[in-house]
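Engineer: Build me a model:
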Amino acid sequence: MHHARVAAEGGGACSPRARAGGRGRHPPSQPAEARAAVTLFSVTTSAPEPTPTPAPGTGHAPSHHGELLQGVFTDADGRPHAGLVTLPVATPATRADFTPRPGTPPTTVTVVPADRAKAARAARLAVAACAARTGRPAYGGILRLTGAVPLGLGMGSSTSDVLAAVRAVADAYGLRLDPGTTARLAVRAERASDPLMLDARPVLFAQREGRVLEVLGRALPRLLVVGCLLGGGAPVDTLALPAPAAGPADLRAYARLRDLLRRAVTDGDTALLGRVATASARRAQRMLRHPEFDALVALARRTGAVGVQISHSGSVAGVLHDPTAPGAEARTEATRRALGAHRIPYTRTFTAGGADSTTAPNPPAENGDRLASRPRTQPVRHPCTANSCCLH
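Structural biologist: Numbering: from 1, shown residues only. The predicted structure is shown next:
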């Protein structure tokens, strides 16, 4: 606490009376009451509080099971953009823990495991952004990643790492970053990003720009997916793949698939969604050339599936079934046996889509608001609509 001694008018070395040698509005001789009125008093001021150091933070992020559609699509102005529609899944997922180290330069982030360079880059970018928003010191620190998202299979492992890292840093600073900010940080960190920072609503997402081209509807039709691996499950370097073709015929074909997928989402038409996913997967074979692809499509047809979907930048794939169709469980079991017969590795059977798919682990809140109370792992609904999505 600091005390400033302040004199009332008529007293003190700098008063008019003192400078005039005692001449002023008051006579030289004052009664005791007047002298008492000139008594000095104390004013108490508060010292500025120290800026709090960021605390350890935690972030979570989901993954996806490849894409339902990927290609080149035009925006409202007719400009082409590489875009995709993922098949989101809540698990497997990634957890990130960020521990700031006071005095450590903000460019120094040690990541565990050490090979997650994109996540480390994302953490550094997030530290700078969060420090600028809060006025708190920008410190480096330790970033620990845990989870079970397979690497290199086209399930969004790098985006899951990056998103969890950004959320962990934001949590350390008492923030939840809005999806637009998070997407921009993700693209800066890894050059191309999946839309895992959004909820599970189907969106056409420009992965190299970090923005939504279109919200296709409320939710994907309900799906029963028999997962598998093509190409022997070999990892794929996604950034080494060439950009998709974008000739006039390709743009027309992608526009048609986009229209059909929008209709499938609007009508809840699982069969139509399966046709779109299969057509997109077939177009991708011009670049991926999976030797098992034709066999996968044929066994899907024999077992009553509505189609197949693949990762357009990896080896994960799925045979799509309508869970409301009679004998759905028997059909998925027949699909699993057929995969074994063709020596296509089976992974798991899971459901996706449906109206309850808008819940995403630890999604960011709007406007980057600070949290008065910060539940760090509880799922929160974060709807994205054509009018409200900040990524448009």
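Engineer: residue ranges for the strands of the stretch 151-300 of the chain, please.
Structural biologist: 203-206, 211-215, 223-229 (DSSP state E, counting those that start in this stretch).
Engineer: Would you mind putting those into TSV with distance to residue 190 and mean pLDDT alongside?
Structural biologist: The way it works is simple: take the backbone N, C-alpha and C, and place the C-beta from them, glycine included. Converted to TSV, the strands of the stretch 151-300 of the chain look like this (distance: least, Cβ to Cβ, whole Å; pLDDT from 0 to 100):
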stretch	distance to residue 190	mean pLDDT
strand 203-206	14	96
strand 211-215	15	95
strand 223-229	23	98
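Engineer: would JSON lines of those strands with distance to residue 158 and mean neighbour count be doable?
Structural biologist: Shown next, in JSON lines, are these (distance: least, Cβ to Cβ, whole Å; neighbours: other Cβ atoms under 10 Å):
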{"stretch": "strand 203-206", "distance to residue 158": "15", "mean neighbour count": "25"}
{"stretch": "strand 211-215", "distance to residue 158": "19", "mean neighbour count": "22"}
{"stretch": "strand 223-229", "distance to residue 158": "18", "mean neighbour count": "25"}
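Engineer: Nearest approach to residue 124 belongs to which of the ones you listed?
Structural biologist: strand 211-215 (22.6 Å; Cβ to Cβ).
Engineer: That closest one pairs with which strands, parallel or anti?
Structural biologist: Strand 211-215 has its sheet partners listed here by DSSP bridges as strand 203-206 (antiparallel).
Engineer: In this structure residue 207 contacts residue 190, no?
Structural biologist: No: counting by Cβ atoms under 8 Å, residue 207 sits too far from residue 190 to count as a contact (9.8 Å).
Engineer: Those two: which is more packed in?
Structural biologist: Counted by other Cβ atoms under 10 Å, residue 207 and residue 190 do not tie: residue 207 has more neighbours, with 25 against 21.
Engineer: what's near enough to touch that one?
Structural biologist: By Cβ atoms under 8 Å, 6 or more residues apart in numbering, the residues touching residue 207 are 82-84, 192-195.
Engineer: returning to what we had before: now the strands of the stretch 151-300 of the chain in a markdown table, please, with extra columns for distance to residue 306.
Structural biologist: Formatted as a markdown table, the strands of the stretch 151-300 of the chain follow (distance: least, Cβ to Cβ, whole Å):
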| stretch | distance to residue 306 |
| --- | --- |
| strand 203-206 | 21 |
| strand 211-215 | 23 |
| strand 223-229 | 8 |
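Engineer: Nearest to residue 152 among those strands would be which one?
Structural biologist: Comparing the strands of the stretch 151-300 of the chain under Cβ to Cβ, the one sitting nearest is strand 223-229, at 11.1 Å.
Engineer: how far away is the residue nearest to the spatial centre of the chain from residue 182?
Structural biologist: What sits nearest the mean C-alpha location of the chain, by Cα atoms, centre = their mean, is residue 197, with 2.4 Å. Distance of residue 197 to residue 182, given as Cβ to Cβ, to the nearest Å: 4 Å.
Engineer: Also residue 276?
Structural biologist: Residue 276 is 28 Å from residue 182, by Cβ to Cβ.
Engineer: And those two? Which one has more around it.
Structural biologist: residue 182 (30 against 25).
Engineer: Tell me, how many residues neighbour residue 153?
Structural biologist: Count around residue 153 with other Cβ under 10 Å applied: 25.
Engineer: By mean pLDDT, which helix or strand of this protein comes out lowest?
Structural biologist: strand 380-381 (a mean of 30; mean pLDDT, DSSP states H and E).
Engineer: Among the contacts of residue 207, which are located in helices?
Structural biologist: In helices, judged by DSSP state H, none of these are found.
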